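Asks: Give me the fold of what follows.
(2 chains)
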Amino acid sequence: MSRVSEHFSRSAVVGFAAAVLLTPIAIMAQASPASSTSSSTSERWLHVRVTSTDSKNETVRVNVPLEMAEKVLPAINKDRLHNGKVKFDDHDMNGVDVKALLDAVRSSKDGEYVTVQGADSDVRVAKLNGYMYVHVTEKNSHDSEKHAKGSEKNRVEVKVPMKVVDALFSAGKDELDVLAALRALSTHGDTELVSVKSDDNTVRVWLDSRNISD
Amino acid sequence: MIIAAKLALGLASTMVFATVYTFHEGVIRVDVDEHHYGGSHVHIWVPAAAVPMAMHFVPKEHLRDASNHAAEFMPLVQIAASELRRYPNTTFVDVEDGKDQVRVRTVGSKLQIDVLNAEEDVHVAVPLSTINDVAHQLASECADGPAI
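Replies: So this is what the prediction gives:
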């Protein structure tokens, strides 16, 4: 065997052995989960958590990065949702001109606009520090069994930045621009958007920069 | 002797590189474990790279039919699959109801769906790149138009 071919064979065997030894490591590295954290500080996450207080203690947790939602939403074209916009007609709004209503609220000073104190529920709509608040408190549950408990109330609290409301109604007269609303939402800091507390369930929708719900 | 050694080396190298190529996109994993007595336990590991290749052997008319049915959702799947790669190790949906649990999450570069209940446990893990490749292939099939 010549020196050249001996040297070549030895190098090839060493190279081959190294490849064989490293292959499982490469495959394992491919298969193993990445250890990096998935959320950078600039990312905004929309979280939804529904907790049922029944015996099974049902819990639903949804975590969606807003940036992903902004890209995915225009790809959903189904029924009334097209290109990130939802179409509605006057019938859906019971003849209320929501745009005109919002224009009036936007141009007005901070304050409480609607206060309804009824026998069954209290409704409060207010604008304060760039946010629109809608609070509904149901005084008594109609369910007789729950009614017997007496003290429990259903409470809905919605807090939406005015910029998001503006963006939502920035499209045509009969459209809701959900995509624009998401974009406007992504510029906001940590915010609790919706909170519902009823006899059976608790619902929370909030925005923060963490990729996990608490 | 030298020639035999070289042939063996060439063959072994080819096998190693074929293995590396086959597994370079990871594996699709399907695990089904039924909890009842005599229940089946199915564990399937398929190289992800094999799926787009296998799709070439699917009869065109079937592929076109499937792509026509799925055409509406293909852009969504493609965007979602490519976007999900940016969020490794993240739980997107987690539903717990007593002993039942459904979880949709990313584990590394894979999309993993876990369904756990009293009767059976099902785990499906698919590399996101495979979802993207399949969606691309289906979309291109759809774009090619009807079979002649």
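
Asks: any chance you could map the strands in chain A?
Replies: For chain A, applying DSSP state E gives strands covering A:45-52, A:59-65, A:81-82, A:85-87, A:111-117, A:121-128, A:131-138, A:154-161, A:175-177, A:191-197, A:201-208.

Asks: quick one, which of those is nearest to B:Val104?
Replies: Between B:Val104 and those, the tightest spacing by C-beta to C-beta is seen for strand A:59-65, at 9.3 Å. Any C-beta I mention is one placed from the backbone N, CA and C, and that applies to glycine too.

Asks: tell me how far the ends of stretch B:105-119 are from each other?
Replies: The first and last residues of stretch B:105-119 sit 22 Å apart, counting by C-alpha to C-alpha, to the nearest Å.

Asks: Distance to chain B, mean pLDDT and mean neighbour count added to the strands of chain A, as CSV?
Replies: Formatted as CSV, these follow (distance: least, C-beta to the nearest C-beta, whole Å; pLDDT from 0 to 100; neighbours: other C-beta atoms under 10 Å in any protein chain shown):
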stretch, distance to chain B, mean pLDDT, mean neighbour count
strand A:45-52, 8, 94, 18
strand A:59-65, 4, 95, 19
strand A:81-82, 12, 90, 14
strand A:85-87, 16, 91, 17
strand A:111-117, 36, 85, 11
strand A:121-128, 30, 89, 16
strand A:131-138, 26, 91, 17
strand A:154-161, 22, 92, 18
strand A:175-177, 19, 89, 20
strand A:191-197, 18, 93, 16
strand A:201-208, 13, 94, 17
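
Asks: Save these as CSV, and put in distance to B:Asp114 too.
Replies: Listed next are these as CSV, based on distance: least, C-beta to C-beta, whole Å:
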stretch, distance to B:Asp114
strand A:45-52, 19
strand A:59-65, 14
strand A:81-82, 29
strand A:85-87, 32
strand A:111-117, 46
strand A:121-128, 41
strand A:131-138, 37
strand A:154-161, 33
strand A:175-177, 35
strand A:191-197, 28
strand A:201-208, 24
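
Asks: Can you say which of those strands is nearest to B:Lys110?
Replies: Per C-beta to C-beta, nearest to B:Lys110 of those: strand A:59-65, 17.5 Å.

Asks: Give the other helices and strands that the closest one contacts.
Replies: strand A:45-52, strand B:90-97 (3 or more C-beta pairs under 8 Å, 6 or more residues apart in numbering or on different chains; DSSP states H and E).

Asks: hang on, the earlier thing: indicate which one of the strands of chain A is closest to B:Val126.
Replies: Comparing the strands of chain A under C-beta to C-beta, the one sitting nearest is strand A:59-65, at 19.9 Å.

Asks: roughly how far is that closest one from the heart of the chain?
Replies: 8 Å (C-alpha atoms, centre = their mean, to the nearest Å).

Asks: Each with direction, which strands does it pair with?
Replies: Strand A:59-65 sits in its sheet next to strand A:45-52 (antiparallel), strand B:90-97 (antiparallel), going by DSSP bridges.

Asks: Next, the angle strand A:201-208 makes with that strand.
Replies: Comparing the axes of strand A:59-65 and strand A:201-208 via axes from the mean of the first three to the mean of the last three C-alpha atoms, to 10 degrees yields an angle of 20 degrees.

Asks: So which residues make contact with strand A:59-65?
Replies: Residues from elsewhere that reach strand A:59-65 (C-beta atoms under 8 Å, 6 or more residues apart in numbering or on different chains): A:39, A:43-52, A:211-213, B:86-87, B:90-97.

Asks: how is chain A carved up into domains?
Replies: Domain ranges of chain A: A:1-36, A:45-208, per automatic domain parsing.

Asks: any chance of those domains in TSV, plus distance to B:Val124?
Replies: Formatted as TSV, those follow (distance: least, C-beta to C-beta, whole Å):
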stretch	distance to B:Val124
domain A:1-36	15
domain A:45-208	19
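
Asks: And B:Val32, which helix or strand is it part of?
Replies: strand B:27-34 (DSSP states H and E).

Asks: Can you tell me the strand partners of that strand and which way each runs?
Replies: By DSSP bridges, strand B:27-34 pairs with strand B:41-47 (antiparallel), strand B:120-127 (antiparallel).

Asks: and after the shortest one, which helix or strand comes next?
Replies: In other words, strand B:41-47. Following strand B:41-47 in sequence, per DSSP H and E, is helix B:50-55.

Asks: The longest one too?
Replies: With elements assigned by DSSP H and E, the helix or strand that comes after strand B:120-127 is helix B:128-143.

Asks: Quickly list what the residue most central in space within chain A is bridged to.
Replies: Note on chain A: the residue nearest the mean C-alpha position is A:Leu46, at 3.1 Å, using C-alpha atoms, centre = their mean. On the basis of DSSP bridges, A:Leu46 is bridged to A:Val64, A:Leu207.
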